[in-house]
Every structure is written in C-alpha cells, then in structure tokens.
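K.L.:
Got a predicted structure plus its sequence, pasted below:
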Amino acid sequence: SGGNLDTKTFTIPAGKTVTQTGGTLFVKGGTGSISGNYNQSGGYFFIDNQAVTVNTGGQLNLSGSATFRMAKDLTSAPAQTLTINGSLTQTSGTFAAKDVVIGSGASYNSSGSTSNITGNLTNSGTLAIGGTSTNIGGGFTNSGTATLNSGPVNIAGSITNNASGDITIAGADVTSQNDA
C-alpha cells in the first residue's frame, strides 16, 4: 500500500491477482502482460516505453485514486499502446496511453473517470465511455459496439464507424476537431 517497486517485467499469469492500493510501480524497459487480474485503487503505475497487453481472460480494474499511465512519469507523454483482449474497467481514477486497441470480444468500460489517449482509439469489441472526461488525441475507429454515455468526449482526429460498427451517443457531449 506504500513505497516504490521498480521492475523490468510486469506479468500477471492467468488465475493470479495483483492489487495495488498505494505507492508507485515502475516498469522500465521490459514488458507488460496481464492474463490474471490487476486491481489498482490507489497509487501510481508507470510503464516506460513498453506496450501492455490485457490478454483474453485478463482484467485491468482501476478505481479510487488510481493513476495508470503508460509513460515514465506524470509529465511525460504516453508513448505506447494498451491492447485489450480481455477487459478494462475504470470506475474512477486516471488512465493515460498513446493508443488503445480493443480486440474482438474484449471490453473497455469507463465511468466516473478521466481517460487520456494521446493517439488513436480502435474498437473491435465493446466500448462504454462515461466519465469526468475522455480525450482522444488522434482518431476513433469503431468496428464494434460503442456507447458514449456521459461527460465530454474530445476527439482531435476523425471518427470512423465501419460497416460492422454501432455507435450510440447516450448523453455524452462529443466534439471532433477534424476539419477533413
């Protein structure tokens, strides 16, 4: 619940759980793979220059005052991709990544939280956004099911809804700054 842990590799095998309630977890130069459960309700998670994959059956759960940031610190821009083939559930806290890819059969549910995606958001699974704010610095491409529930959703690039995709705006204030 307190202190710091520096590691090169962050792997949670299927059937295992890691819970972080405080402190700081630094992953530097290695890999990030979640096949079990990672529950973060407080503290900071930083991963420097490595992608993270939530594998099929894996769960990434963010709540409370959790800060999950795919950068080396709070001031650096996120530099890597979070690939979700399992599930990401965010009920509060702050999440930041360069790109987010939601695979077929996977889910990303966000409510009461802040999400900052500095690059692109690509959804082929199930996406439900509703929170304090969602900022997407690139584009949003949807081939799955996306529901934008509440709060501001700011998209700097274009919104592409492919033939197989469904987007429902259910109370969100959606802004796209793309002039194309």
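P.N.:
Received it, and whenever you're ready, just let me know what you need. Numbering: from 1, shown residues only.
K.L.:
pLDDT of the helix or strand harbouring residue 89, averaged?
P.N.:
Following DSSP states H and E, one finds residue 89 within strand 87-90. Mean pLDDT, strand 87-90: 96.
K.L.:
which residues touch the closest residue in space to residue 117 that isn't next to it in sequence?
P.N.:
Nearest non-adjacent residue to residue 117, counting by CB to CB, 6 or more residues apart in numbering: residue 136, 4.8 Å away. Every residue, glycine included, has its C-beta placed from N, CA and C. Residues in contact with residue 136, defined by CB atoms under 8 Å, 6 or more residues apart in numbering, are 117, 120-121, 153-157.
K.L.:
partner residues bridging residue 34?
P.N.:
On the basis of DSSP bridges, residue 34 takes part in beta bridges with residue 12, residue 54.
K.L.:
Was I right to think it contacts residue 85?
P.N.:
No - Residue 34 lies out of contact with residue 85 (CB atoms under 8 Å); the separation is 9.8 Å.
K.L.:
quick one: which of those two has more around it?
P.N.:
The neighbour comparison of residue 34 against residue 85 (other CB atoms under 10 Å) goes to residue 34, with 27 against 19.
K.L.:
Report the central residue of this protein.
P.N.:
Centrality entry for the chain: nearest residue to the mean C-alpha point is residue 95, 5.7 Å, by CA atoms, centre = their mean.
K.L.:
What are the contacting residues of the host helix or strand of that one?
P.N.:
Using DSSP H and E, residue 95 falls within strand 94-97. With contacts defined as CB under 8 Å, 6+ apart, strand 94-97 is touched by 52, 62, 66-71, 78, 80-82, 88, 110, 113-119.
K.L.:
make it 7 Å
P.N.:
62, 67-71, 78, 80-82, 113-117 (CB atoms under 7 Å, 6 or more residues apart in numbering).
K.L.:
Kindly report the same for stretch 47-64.
P.N.:
Contacts of stretch 47-64 (CB under 7 Å, 6+ apart): 10, 14, 27-42, 68, 70, 72, 79-93, 95, 113.
K.L.:
In it, which residues are buried?
P.N.:
The neighbour-count check on stretch 47-64 (16 or more other CB atoms under 10 Å) flags 47-48, 50-55, 58-63 as buried.
K.L.:
shaky segments in the chain?
P.N.:
Across the chain, the ranges flagged by pLDDT under 70 are 1-2, 178-180.
K.L.:
Helices of that one, residue ranges please.
P.N.:
Remark: no helices are assigned in the chain by DSSP state H.
K.L.:
ok, now which ones touch the residue nearest to residue 172 when sequence neighbours are not counted?
P.N.:
Sequence neighbours aside, residue 148 is the residue nearest to residue 172 in space, at 3.7 Å (criterion: CB to CB, 6+ apart). Residue 148 is in contact with 129, 169-170, 172, 174, counting by CB under 7 Å, 6+ apart.
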